[in-house]
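> Here is the input, now give the coordinates:
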Amino acid sequence: MAHNDRVQLRTGLEISEMGLGTATFGGLYTSMSQEECDAAINCALSNGITYIDTAPHYGKGVAERRLAHSLKGRPRNSFEISSKIGRLLVPTEYEAEPEFADTDTSVTRVFDFSESGVEKSFRSSLERMELESIDILFIHDPENNADAAIRESFPALLKMRDKGIIKAIGVGMNQSATPARMIMETDIDVVLIAGRYSLLDQRALIDLLPAALKRGVDIIAAGVLNSGILANPVKGATFDYAPASDEILAKAQRIKAVLDKEDFPLTAAALQFPLRHPSIKCVLVGCRSTDEILNNAKNLDLNLPEDIWQKLEAIL
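Numbers count the residues shown, from 1 in each chain. Predicted structure coming up:
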């Protein structure tokens with residue numbers, strides 16, 4: 001496997017095996033400048049990382065607008081981009097938030113999975129990103145709106161796919177039950193699953209990944225570092241954006257000890273592990289600097305011998 005390998009999704013769309021997540025472009029936890037975003041995109045594309053994921057949720061439109069600036073002047077066929085529907089950005093007097101440091105304070109998010117909501121969200125994303133099409137459009141976080149996502153959002157996206165203004169329909173979540181249901185009840189093409197198939201958490205094996213194999217649906221794995229613990233498993237490290245339990249920390253440290261003995265980085269195993277499953281085509285990694293992008297690409301490309309994976313299996 002290599003970070004810049006090209007993988008083909010079932011619709012024929014080709015993306016890079018490593019993708020760049022852009023929640024950081026909205027200032028996730030820490031502010032980012034436009035110049036840093038520009039540098040990240042330039043580094044990614046220069047190194048064959050052509051798949052970029054974003055969402056209106058990230059900074060309430062800020063990530064999409066920053067992407068527009070970073071991608072300006074580049075040929076449309078030089079990158080693949082995904083965004084999401086499910087949250088409309090509605091004007092409000094003032095709304096700050098702790099999660100995204102660079103958030104747009106003039107709008108608030110409103111969940112809307114109706115056909116009109118899907119169309120409005122899509123048009124707004126195109127406007128913010130200054131694009132005429134989006135390659136993959138995900139239904140974002142419909143856990144409390146699964147019926148609406150199936151009965152209203154999916155048919156609206158199907159019309160867009162039939163018209164060719166999107167190339168693939170997906171659902172993006174950090175739990176596996178709803179995407180598994182959507183695979184069985186709709187004709188979605190791809191699932192973006194965050195945090196549920198990693199060295200520390202394989203809950204997607206219960207329902208999502210078997211359903212994907214059965215129906216020929218492609219999976220993109222995000223959150224494979226489980227919000228930081230698989231980058232540096234020390235006391236105080238976060239797992240799923242909260243302090244890791246002693247049990248999770250101990251497991252991460254056992255995994256690291258196996259890799260340390262063989263002189264391989266924990267991050268390399270964390271990035272590569274999901275791609276060993278036949279349904280998973282791409283690993284999506286959020287980065288905020290060129291150093292992070294280059295280091296993650298290097299770790300994804302590192303050759304880990306099969307006996308290392310066998311030793312890790314004993315822990316997993």
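> Strands along the protein, start to end?
For the chain, the strands defined by DSSP state E cover 6-8, 14-16, 18-21, 51-53, 80-85, 87-91, 107-111, 134-140, 166-173, 190-194, 218-222, 238-239, 242-243, 280-286.
> Could I get those strands in a markdown table, plus columns for mean neighbour count?
C-beta here means a position set from N, CA and C on the backbone, and glycine is covered the same way. Output for the strands of the chain, formatted as a markdown table (neighbours: other CB atoms under 10 Å):
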| stretch | mean neighbour count |
| --- | --- |
| strand 6-8 | 13 |
| strand 14-16 | 22 |
| strand 18-21 | 26 |
| strand 51-53 | 26 |
| strand 80-85 | 26 |
| strand 87-91 | 16 |
| strand 107-111 | 15 |
| strand 134-140 | 25 |
| strand 166-173 | 24 |
| strand 190-194 | 26 |
| strand 218-222 | 25 |
| strand 238-239 | 19 |
| strand 242-243 | 10 |
| strand 280-286 | 23 |
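> Serialize those to a markdown table and add fields for mean pLDDT and distance to Ile229.
As requested, these are exported to a markdown table (pLDDT from 0 to 100; distance: least, CB to CB, whole Å):
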| stretch | mean pLDDT | distance to Ile229 |
| --- | --- | --- |
| strand 6-8 | 98 | 27 |
| strand 14-16 | 98 | 26 |
| strand 18-21 | 98 | 17 |
| strand 51-53 | 98 | 22 |
| strand 80-85 | 98 | 26 |
| strand 87-91 | 98 | 28 |
| strand 107-111 | 98 | 28 |
| strand 134-140 | 98 | 24 |
| strand 166-173 | 98 | 20 |
| strand 190-194 | 98 | 15 |
| strand 218-222 | 98 | 15 |
| strand 238-239 | 92 | 5 |
| strand 242-243 | 90 | 10 |
| strand 280-286 | 97 | 15 |
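> would you list those strands in a markdown table and tack on distance to Ala63?
As requested, the strands of the chain are arranged in a markdown table below (distance: least, CB to CB, whole Å):
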| stretch | distance to Ala63 |
| --- | --- |
| strand 6-8 | 24 |
| strand 14-16 | 19 |
| strand 18-21 | 10 |
| strand 51-53 | 10 |
| strand 80-85 | 9 |
| strand 87-91 | 12 |
| strand 107-111 | 13 |
| strand 134-140 | 13 |
| strand 166-173 | 14 |
| strand 190-194 | 15 |
| strand 218-222 | 15 |
| strand 238-239 | 21 |
| strand 242-243 | 23 |
| strand 280-286 | 11 |
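> To Asn296, which of those lies closest?
Among the strands of the chain, the nearest to Asn296 by CB to CB is strand 280-286 (5.2 Å).
> Check which helices and strands that closest one is in contact with.
strand 14-16, strand 18-21, strand 51-53, strand 218-222, helix 266-272 (3 or more CB pairs under 8 Å, 6 or more residues apart in numbering; DSSP states H and E).
> would you turn the ones you listed into CSV with distance to Met32?
Formatted as CSV, those follow (distance: least, CB to CB, whole Å):
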stretch, distance to Met32
strand 14-16, 22
strand 18-21, 13
strand 51-53, 15
strand 218-222, 18
helix 266-272, 21
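> Those: which one's closest to Ile293?
Here strand 18-21 is closest among the helices and strands packed on strand 280-286 (CB to CB), at 7.1 Å.
> any idea of the pLDDT on Tyr241?
Tyr241 carries a pLDDT value of 85.
> Provide a list of residues in contact with it.
Counting by CB atoms under 8 Å, 6 or more residues apart in numbering, Tyr241 touches Ser227.
> and the gap between it and Ile248?
13 Å (CB to CB, to the nearest Å).
> now Val285
With distances taken as CB to CB, Val285 is found 20 Å from Ile248.
> what do you get for Ile41?
According to CB to CB, Ile41 stands 33 Å off from Ile248.
> same thing with Met160?
Distance from Met160 to Ile248, by CB to CB: 40 Å.
> which residues does the residue nearest to Ser31 when sequence neighbours are not counted contact?
Excluding its sequence neighbours, the residue lying closest to Ser31 (CB to CB, 6 or more residues apart in numbering) is Ala101, at 4.2 Å. Residues near Ala101 by CB under 8 Å, 6+ apart: Gly27, Leu28, Tyr29, Thr30, Ser31.
> Arg76 too?
Leu131, Glu132, Ser133.
> I am finished for the moment; much appreciated.
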